[in-house]
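Chemist: Predicted model follows, preceded by the sequence.
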Protein chains: 2
Amino acid sequence: MGKTDWKAEAKDLKHKLGRAKRKLRAADAEGAAVAAPKPATKAALSRSPLAPAAFPDLPAIAGVRFAVAAAGVRYAGRTDVTLIEIAPGSSLAGAFTRSATRAASVLDAEAKIAGGMAAPHGAAIVINSGNANAFTGRAGVASVAAICTAAGAALGIPAGAVLTSSTGVIGEPLPHERIASALGPMAGTLDGGAIADAARAIMTTDTFPKGAAAEVAAEGGKIRIAGIAKGSGMIAPDMATMLVYIFTDAAIAAPALQQIVSREVDRSFNCITVDGDTSTSDAVMVAATGQSPAAPLGNPQSASTRAFADALGGVMRDLAWQVVRDGEGATKFVEVAVTGASDDRDAHRVAMAIANSPLVKTAIAGQDANWGRVVMAVGKSGAAADRDRLSIRFGPHVVAENGARAPAYDEAAVSAYMRAQDLVIGVDLGIGSGARTVWTCDLTHGYIAINGDYRS
Amino acid sequence: MGKTDWKAEAKDLKHKLGRAKRKLRAADAEGAAVAAPKPATKAALSRSPLAPAAFPDLPAIAGVRFAVAAAGVRYAGRTDVTLIEIAPGSSLAGAFTRSATRAASVLDAEAKIAGGMAAPHGAAIVINSGNANAFTGRAGVASVAAICTAAGAALGIPAGAVLTSSTGVIGEPLPHERIASALGPMAGTLDGGAIADAARAIMTTDTFPKGAAAEVAAEGGKIRIAGIAKGSGMIAPDMATMLVYIFTDAAIAAPALQQIVSREVDRSFNCITVDGDTSTSDAVMVAATGQSPAAPLGNPQSASTRAFADALGGVMRDLAWQVVRDGEGATKFVEVAVTGASDDRDAHRVAMAIANSPLVKTAIAGQDANWGRVVMAVGKSGAAADRDRLSIRFGPHVVAENGARAPAYDEAAVSAYMRAQDLVIGVDLGIGSGARTVWTCDLTHGYIAINGDYRS
């Protein structure tokens, strides 16, 4: 054997020691994030570090009332059933998961709402948390029917005007009689100001309730919009799902409302990802009561209709961002902005490939300006791309351009930027005018701890 | 300043590194309180718990010789350049990543090998680890040309018959002169028995070298096949990539070899995933020297050709499984077998949706028989599926059938099964005869620790 090269050996060891030290620091930082005791449910986990300071003050929407109850569907000692009454003359619209294994409640609500749903006699939404009533076969269909019948009877409206959502564990029979028997008494406690209670009752693994609102100065008067959401991953531990309910006093026919909802969902909820996993139960429902003094909306050319669509889109984006900020284990909120793609569809593919890449997401968790992984994600997306026209920026810092590292790349400055809580990854493909922005969070030990635990 | 005592320095650093490693292990043990079971992190680069007992005894292939060198591309104190000489009269075939941002070496090798490459004057493969020469612009193209020219000169063959691979960090200029200047001396040390040295020299974040072999009793004599691979994720820390080199003494024309390689790659390497992230540099190269006494192969109907294709496919599957078993942070090896799909393509989509789902992979890490997450992954795959015909089994245990939990479901028995190191998830869609089997590993704290660290 040859003589040992101690200098090389020392250099190698120094390198390894540096790496081990950095890992130790990272492990220490992680310790803070997952220091809470065994997360049998995320309820035991602390509020997300990305949570807003407080639940916003949401305006009452004329024609909409809320009631909540603790029916013991799965959890003890917390509200788990929500009843929402929507006044006669309202219009409803919705968007639902495209999963091939979607839950019975989703199939039922989808069929009722398709293309927009007019509610001359009023409508209702019943939501339970704790059990998703998904993959429960024929029994699941019967559960939905029983809940719709009970809600219809409690409110004096047709069962066909009742929409339901269920969120929680998959594959367990839903104890629907507990929900159905709670609805009568709940009808007596309906309250137009109780939307915050509803935001709490629909939570599962969320660490904070989510709400957003907007006002539109429209022709003839003010229009109000208020919405709530739950979600902490496209799907979470066993339970989860993203559910969104938005209410407005705007007057608008159901088909026109559906058109606006479809477009704005595409630009908000369809542009977020926590882990790329899609729930069997995702649903967005929007109800417009028409009780505002403003003139009826609907003409896509009118300034009021456009202002309303923009405001509704803003509420959706706000709620979507809150879902990402409550992403399981999230410590960073990341905007991925793709421009210069051959079309918007390709831009979306590239943005989602980056936002869903485990290697990009772990690099962000490690505050590592690892733009090579962004190059990798662009490459694997399947979208048209030309390596030599690609440029990448982290916030204001151009890190790569013309198919190579940027000449002005300053590792220290970029590394400092990566320590921020909110980050922007910008990618320009340089081949067209397609653009898309999506939002995601990082992938941390917290995610593994929450999801790699035994089912409880 | 006096002369540094590098030996003392190395000793001191070794001591400090040992201490840091012990601290890291302690920090990991703390983590075990929140997630079970806790994998040994790859930070310490300990051998994967799923590694085979030893590197196999690979036969020499007549017409193929190997040389390795420590050229200091990036690492100190280890071999990082491999030169493989392939005899005149050989046929070569290959398969490469479809990434839109693939590296210069991949583009060059692809162009040379397209459709199968005859090598009347012989051929060579040069591989370096430590630097991927990816996203390095025009300079990267020049580096490949310089290496091909140097290898051609060293072996007395045309530069056009030299294929290269580079694996390691993305976006750093490749110090190709270190590689080029090593090739001349290396040509003097070529050795037909040194394939195991090559398996080690191509490693980056791998925790064990990977090799596999087969023999075929063909018409006229025995055919030998021996292959090596590296890979520890579709792409890993900064470095990584899957690289595979397989050699045989079979006599077969290049186009026929290419056909067999394309088909067998599709059934092996295209059926594995660690994290769904695709490298910019993945490459599989196969060389057939024709020096076996067996009769020439090529007729797809002949028994010998079929036996050869099966044996080659077997070697590929063996190497592919070893890559999964060395998956970053892996503690479980998982086979996902999908049947009853409307066609094989749909079966592949469903199998990959399950194998890439972070929620399925974390559940497996947690030894949780969480079949609801499998239902979710089937639903999101985009493949045709009918919830009410779907059945799912974990090993021999049917957990769900006909769109609901199996009546005979025994949670205790299934939970016991989940504690095994090798697992099978079976999904029957019940709507057609499409089938596909893929292989993956679990998603653990080890993956986060390896990839969420700072770039060094």
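Modeler: Alright, I've got the coordinates. Quantities reported herein were computed from a predicted structural model and do not represent experimental measurements.

Chemist: In terms of residue numbering, what are the domains of chain A?
Modeler: A:64-325, A:333-451 (automatic domain parsing).

Chemist: Does the longest one reach chain B?
Modeler: Yes: part of domain A:64-325 sits near chain B under the criterion Cβ under 8 Å from any Cβ of the partner chain, namely A:97, A:99-102, A:132, A:134-140, A:169-172, A:233, A:235-236, A:238, A:275-280. To be clear about C-beta, it is placed using only N, CA and C from the backbone, and glycine gets the same treatment.

Chemist: Straight-line length of that domain, end to end?
Modeler: 28 Å (Cα to Cα, to the nearest Å).

Chemist: Could you do stretch A:429-445 as well?
Modeler: End-to-end distance for stretch A:429-445, by Cα to Cα: 32 Å.

Chemist: quick one: that stretch to chain centroid distance?
Modeler: Computed by Cα atoms, centre = their mean, to the nearest Å, the chain-centroid distance of stretch A:429-445 equals 16 Å.

Chemist: in that stretch, what's buried?
Modeler: Using 16 or more other Cβ atoms under 10 Å in any protein chain shown as the test for burial, stretch A:429-445 gives A:429-431, A:434-445.

Chemist: same check, this time on stretch A:203-211
Modeler: A:Met203, A:Thr204, A:Thr205, A:Asp206, A:Thr207, A:Phe208, A:Pro209, A:Lys210, A:Gly211.

Chemist: cool, and stretch A:294-311?
Modeler: By neighbour count on 16+ other Cβ under 10 Å, the buried set for stretch A:294-311 is A:Ala294, A:Ala295, A:Pro296, A:Leu297, A:Gly298, A:Ser304, A:Thr305, A:Ala307, A:Phe308, A:Ala309, A:Ala311.

Chemist: Quick check: of the residues you listed, which lies closest to chain B?
Modeler: When these are compared for distance to chain B (Cβ to the nearest Cβ), A:Ala309 wins out at 28.7 Å.

Chemist: Nearest spatial neighbour of the closest residue to chain B within the stretch 151-300 of chain A, chain-adjacent residues omitted?
Modeler: Residue of the stretch 151-300 of chain A nearest chain B, by Cβ to the nearest Cβ: A:Ile170 (3.1 Å). What sits nearest to A:Ile170 in space, not counting adjacent residues and going by Cβ to Cβ, 6 or more residues apart in numbering or on different chains, is B:Gly372, at 3.1 Å.

Chemist: that's a helix at that neighbour, yeah?
Modeler: Yes: under DSSP: H, G, I helix; E, B strand; the rest coil, B:Gly372 sits within a helix.

Chemist: Report pLDDT for it.
Modeler: At B:Gly372, the predicted lDDT confidence score is 87.

Chemist: Now for it, how many residues are close by?
Modeler: 28 (other Cβ atoms under 10 Å in any protein chain shown).

Chemist: How about A:Ile84?
Modeler: 25.

Chemist: quick one: A:Gly313 from A:Leu319, how far?
Modeler: Taking Cβ to Cβ, to the nearest Å as the measure, A:Gly313 falls 11 Å from A:Leu319.

Chemist: Next: A:Met186.
Modeler: For A:Met186 relative to A:Leu319 (Cβ to Cβ), the value is 24 Å.

Chemist: Those two: who's more crowded?
Modeler: A:Leu319 (25 against 22).

Chemist: returning to that earlier point: contacting residues for the residue nearest to A:Ile170?
Modeler: By Cβ atoms under 8 Å, 6 or more residues apart in numbering or on different chains, the contact set of B:Gly372 is A:Ala132, A:Ala134, A:Phe135, A:Val169, A:Ile170, A:Gly171, A:Asp238.

Chemist: Quick check: beta-bridge partners of the closest residue in space to A:Ala151 that isn't next to it in sequence?
Modeler: Excluding the flanking residues, the one nearest A:Ala151 by Cβ to Cβ, 6+ apart is A:Val162, at 4.5 Å. Listed by DSSP bridges, the beta-bridge partners for A:Val162 are A:Ala124.

Chemist: hang on, isn't A:Val162 packed against A:Ala146?
Modeler: No: if you go by Cβ atoms under 8 Å, A:Val162 and A:Ala146 don't touch, sitting 10.9 Å apart.

Chemist: So if I had to pick from the two, which one is more boxed in?
Modeler: Per other Cβ under 10 Å, whichever of A:Val162 and A:Ala146 has more neighbours is A:Val162, with 28 against 16.

Chemist: tell me the mean pLDDT for stretch A:66-77?
Modeler: 93.

Chemist: buried residues in that stretch?
Modeler: Applying 16+ other Cβ under 10 Å to stretch A:66-77 flags A:Phe66, A:Ala67, A:Val68, A:Ala69, A:Ala71, A:Gly72, A:Val73, A:Arg74, A:Tyr75 as buried.

Chemist: One more: stretch A:103-119?
Modeler: Quick answer for stretch A:103-119 (16+ other Cβ under 10 Å): A:Ala103, A:Ala104, A:Ser105, A:Val106, A:Asp108, A:Ala109, A:Glu110, A:Lys112, A:Ile113, A:Gly116, A:Met117, A:Ala119.

Chemist: Cool, thanks, signing off.
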